[in-house]
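J.: Pasting the sequence and the predicted coordinates here, then a few questions.
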Amino acid sequence: MSDSSLRSVSPIHLQYLKNMGVAASASVSIVKDGDLWGLVACHNETPKTVAYDVRASCRVLAASLARHIKAKEQTDAYRERLRLRRTEDELIEILSLRGTLEQSLVDKIEDVRNYLGCDGFAILREDRSFTTGECPAREYLPPLLTWLQSKGTEGVFVTDRLSEFYQPAKAFESLAAGILAVPLPIDPTCFLVWFRAEEVQIVKWAGNPHKGVDLKPGEVLSPRASFEAWQDTVHGHSRRWTLSEYESAGRVRHAMMELRKNWRLRELNRQLTESVSEKDLLLEQKNFLIGEVNHRVQNSLQLVSSFLSLQVRESNDETFIEAIEEARRRITAVSLLHRRLYRGDQVDVVDGARYVEELCADLVKSMGSDWAEQITLDLAPVMFPTDRAVPLGLVLTELVINANKYAYNGASGPIHIALVEDRARFKLTVSDKGGGKTTERSGFGTKMMLALVGQLSGELDFQPGNPGLRVVLSAPITTSPGSAVVRD
């Protein structure tokens, strides 16, 4: 019957109209967005027929009224959204000007309350709560926080009749009949709660709608006959929260979470900057100490080398002079390593190829210019820990000295030096084209070399070069000290 313009109604409604003294009625529905928004009811004391054109005009007027109502609601909602947007921006800007979000909320608590125009506002936390305006007494706040946490912490909770959902709220519904609660993921989780006080509503009825009807057996339900004005007082309701306010609260919650994240990022950046500054200072101090140590070591080694030179000039013993020269070469190897560490960007590792190349250049200077064209290098880049570079350099120096003494009897001759990496090991090869003999001596140099090879946990392999001799040092790139192995 929805599309019928003329239709009958139930007998009870007809009796109801007669009780009111109404002989004719007409109603026009106001439909907005497919839903019944309101109704215009017309009564007449005598029978009356409404012409079709009048009914059609009423329908047109009702449709036009519905459009105007919709336009006005949309305009009001748009204006409210604009106002809330401006207030949101101002609020977030205020909160972002001071320290942490928690401290900003406490310092600007009155601005946060005025943002939604509420009677009261509270920051509920497990350890402490902060309030402003008309709020429930403090003993009611911890149970309210517990109840809100049980509702979840992912969205905005809003109601204009709190006591229907939370029975203890009846004790303070005059101050907080409606709430809008926003959870913030602060440790521990806290809630921002806006309160709206109760608004007592007086509703007038044409008769008491709550009056019960007691029917006796055989009696038929009949409408009321008395239409004396009756009013009802509605408690426990606050002013309604609009959809725009609900959406705005969600946006503010998201913005506050971003503020907190940004603050934490700034704090982490500050701590990182301080750590980097401290690290830079430590590096500067470390570089200064390394330079100072290198300077002192170089001076000490230079002093020792100078004393050895004085001893050489004062002695005519060839054996003694030869021993002193060997000692000076070993001192040169140690001095070179310290200079290399001081110049390098990394003090924990040494580029083996560059180190060997520089060491050989210094050896050539100490052994004589005729060795410059005799030493050839084939070096692969192998990174050694600093503590293993020292024994490596001393072993290489000893092998070159031995080649000079035993392969070429103190004269210059071809020496080939190679360095390669084989998985986790390295191989240092020193080859000559001389006599190709090994010595049975067990002097200081030999003992020292064997001790250094043991420190590297390596092996020495003496191989015939046809002509000459090839000595191969094989050892792990990184390992703990061990014993030397010598193979003929």
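T.: Received the coordinates, thanks.

J.: isn't Ser129 right next to Arg138, touching?
T.: Yes. With contact defined as Cβ atoms under 8 Å, Ser129 counts as touching Arg138 (6.9 Å). In short, each C-beta sits where N, CA and C put it, glycine included.

J.: is it true that Thr429 lies in a helix?
T.: No. The assignment for Thr429, made by DSSP: H, G, I helix; E, B strand; the rest coil, is strand rather than a helix.

J.: Look at Ser129 and Arg138 and report which has more neighbours.
T.: Higher neighbour count among Ser129 and Arg138: Ser129, with 18 against 10, using other Cβ atoms under 10 Å.

J.: Which residue is the nearest non-sequential neighbour of that one?
T.: Distances taken as Cβ to Cβ, 6 or more residues apart in numbering place Leu141 nearest to Ser129, at 4.9 Å, with adjacent residues excluded.

J.: where in the stretch 351-488 of the chain is pLDDT low?
T.: Low-confidence segments of the stretch 351-488 of the chain (pLDDT under 70): 436-445, 479-488.

J.: Now do the strands in it.
T.: 375-379, 383-385, 415-422, 425-432, 459-464, 469-476, 485-487 (DSSP state E, counting those that start in this stretch).

J.: Can you give the distance of the fifth one from its chain's centre?
T.: Computed by Cα atoms, centre = their mean, to the nearest Å, the separation of strand 459-464 from the middle of its chain amounts to 57 Å.

J.: same thing with the third one?
T.: On the basis of Cα atoms, centre = their mean, strand 415-422 sits 49 Å off its chain's mean C-alpha point.

J.: Give me the helices and strands touching that strand, please.
T.: On a contact count with 3 or more Cβ pairs under 8 Å, 6 or more residues apart in numbering; DSSP states H and E, strand 415-422 meets helix 352-367, strand 375-379, helix 386-402, strand 425-432.

J.: What are the buried residues along it?
T.: Neighbour counts using 16 or more other Cβ atoms under 10 Å place 415-419 of strand 415-422 among the buried residues.

J.: between that strand and strand 469-476, how many degrees?
T.: In terms of direction (axes from the mean of the first three to the mean of the last three Cα atoms, to 10 degrees), strand 415-422 departs from strand 469-476 by 30 degrees.

J.: cool, and the fourth one?
T.: Counting by the same axes, to 10 degrees, strand 425-432 points 170 degrees away from the direction of strand 469-476.

J.: which residues touch strand 425-432?
T.: Applying Cβ atoms under 8 Å, 6 or more residues apart in numbering, the contact partners of strand 425-432 are 352, 356, 382, 384, 392, 395-396, 399-400, 403, 407-408, 413-420, 465, 468-477.

J.: What distance do you get for Leu428 to Val234?
T.: According to Cβ to Cβ, to the nearest Å, Leu428 stands 98 Å off from Val234.

J.: Show the low-confidence segments of the stretch 51-200 of the chain, by residue range.
T.: 98-99, 153, 187-188.

J.: Do me a favour and average the pLDDT over the lengthiest helix in the chain.
T.: In the chain, taking DSSP state H as the definition, the longest helix is helix 243-314. Averaging pLDDT along helix 243-314 yields 80.

J.: other SSEs contacting that helix?
T.: In terms of contacts (3+ Cβ pairs under 8 Å, 6+ apart), helix 243-314 is packed against helix 52-95, helix 101-107, strand 157-159, strand 178-184, helix 318-343.

J.: so can I have a markdown table of those showing distance to Ile12 and mean neighbour count?
T.: Shown next, in a markdown table, are the helices and strands packed on helix 243-314 (distance: least, Cβ to Cβ, whole Å; neighbours: other Cβ atoms under 10 Å):
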| stretch | distance to Ile12 | mean neighbour count |
| --- | --- | --- |
| helix 52-95 | 25 | 13 |
| helix 101-107 | 59 | 17 |
| strand 157-159 | 36 | 20 |
| strand 178-184 | 38 | 23 |
| helix 318-343 | 107 | 16 |
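
J.: so which of these comes closest to Trp371?
T.: Among the helices and strands packed on helix 243-314, helix 318-343 comes nearest to Trp371, with 11.8 Å by Cβ to Cβ.

J.: part of a helix, is Lys46?
T.: One thing to correct before we go on: residue 46 is Thr, not Lys. No. Counting by three-state DSSP, Thr46 is not part of a helix but coil.

J.: contacts for stretch 30-41?
T.: 25-29, 58, 62-63, 65-66, 69-70.

J.: who's more crowded, Leu428 and Val234?
T.: Neighbour totals were compared for Leu428 and Val234, and Leu428 leads with 24 against 12 (other Cβ under 10 Å).

J.: roughly how far apart are that one and Leu452?
T.: Distance, Leu428 to Leu452, by Cβ to Cβ: 12 Å.

J.: Return every residue with contacts to both of the two.
T.: Common neighbours of Leu428 and Leu452, using Cβ under 8 Å, 6+ apart, are Val395.
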